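predicted coordinates and the sequence they were generated for:
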Number of protein chains: 2
Amino acid sequence: MDTENIKHPIIQGLLRLIRAEDRSGAYDSEPDEELLAPFVVTKAQKRELPMFDDPDPDILMRVSQFYAAVAWEVERQTGKPVAPMMDIHHEGWGRVLLISGRLVAVNAHVRELHRFGFETLAALIERAEKLAAEGIAAIAKFPEVVEG
Amino acid sequence: MDTENIKHPIIQGLLRLIRAEDRSGAYDSEPDEELLAPFVVTKAQKRELPMFDDPDPDILMRVSQFYAAVAWEVERQTGKPVAPMMDIHHEGWGRVLLISGRLVAVNAHVRELHRFGFETLAALIERAEKLAAEGIAAIAKFPEVVEG
């Protein structure tokens, strides 16, 4: 895994979120690469993943961590509080919002969460930056709604 | 149950939602009163309801129908599309938003959903009208965010 990408603020935020949820301390000795590995799922691996049954709770936790990391990045760049909100149907599709005050800063539709993951860490960062940019632009456009 | 209250637009909306989800046709011959009865839970009944285990799926469905009825009422009065979004922890607490465009028209925190229900139909209407009024006021205040 690319060391440069691990230094990226979004990946550092993601790692903090993952380690924060490790109540047993089991991750303390795990290198960053190990903790990030489940987020990287290649196209070939995705084809192997079944689409029946509900998505694994671990996958939904990673979806939640990914959007929380995007929320942190928007907070870091705007100084405004941003909270993720997930409305996910148990079959693995739904909607994720990042909310700041009364503003929907980011509106993302998700589906096929059984296969949630990114081809590479760089692809994860690219997607997160695109979502963060949407949030930052919306907050800049409607500051009074963020405060409202 | 009070017939006047059943004529209220919010209750009529709620009934349409309940009947729409009845795929088997089992409710066709049920009177409105029967379909609304599970929404009315007195304080004494609430005390009898256990707070352990996850809330019943039927309760979560009623929570969803209640907020969808509020969303419809806001749509009816503003002419703007409004969508409910529920982020409920499996232990029975969470947040419900009514979204219109990029605006959080209504922001409701919910808890103790094991005991979801209203003392009377009039109390249900009162709560729904209060939430709808919040949404209508927000949409009037930030029309450009609804369009954005």
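Sure, I can see it.

show me the contacts for the most centrally placed residue in chain A.
What sits nearest the mean C-alpha location of chain A, by C-alpha atoms, centre = their mean, is residue A:66, with 1.3 Å. Applying C-beta atoms under 8 Å, 6 or more residues apart in numbering or on different chains, we find residue A:66 in contact with A:14, A:39, A:116, A:124, A:128. The way it works is simple: take the backbone N, C-alpha and C, and place the C-beta from them, glycine included.

what is the nearest of those to chain B?
Nearest to chain B, judged by C-beta to the nearest C-beta, of the contacts of residue A:66 is residue A:116 at 17.6 Å.

who in chain A is up against chain B?
A:85-87, A:95, A:97, A:99, A:101-105, A:107, A:138, A:141-142, A:144-145, A:148 (C-beta under 8 Å from any C-beta of the partner chain).

which among these count as buried?
Using 16 or more other C-beta atoms under 10 Å in any protein chain shown as the burial test, the residues of chain A next to chain B include A:85-87, A:95, A:97, A:99, A:101-105, A:107, A:138, A:142, A:145 as buried.

just the residues you listed now: which is nearest residue B:133?
Checking those against residue B:133 by C-beta to C-beta gives residue A:102 as the nearest, at 15.1 Å.

thought residue A:145 was touching the closest one, still the case?
Yes. Counting by C-beta atoms under 8 Å, residue A:102 touches residue A:145, with 5.0 Å between them.

what residues are shared contacts of these two?
Joint contacts of residue A:102 and residue A:145 (C-beta under 8 Å, 6+ apart) are B:103, B:142, B:145.

now those residues in TSV, with secondary structure, distance to chain A and pLDDT?
Converted to TSV, the shared contacts of residue A:102 and residue A:145 look like this (DSSP: H, G, I helix; E, B strand; the rest coil; distance: C-beta to the nearest C-beta, whole Å; pLDDT from 0 to 100):
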residue	secondary structure	distance to chain A	pLDDT
B:103	strand	6	98
B:142	coil	5	97
B:145	helix	5	96
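
please identify which of these is nearest to residue B:22.
residue B:103 (32.1 Å).

so who does the closest one touch?
So residue B:103 contacts A:102, A:103, A:104, A:145, B:138, B:139, B:142, B:145, B:146 (C-beta under 8 Å, 6+ apart).
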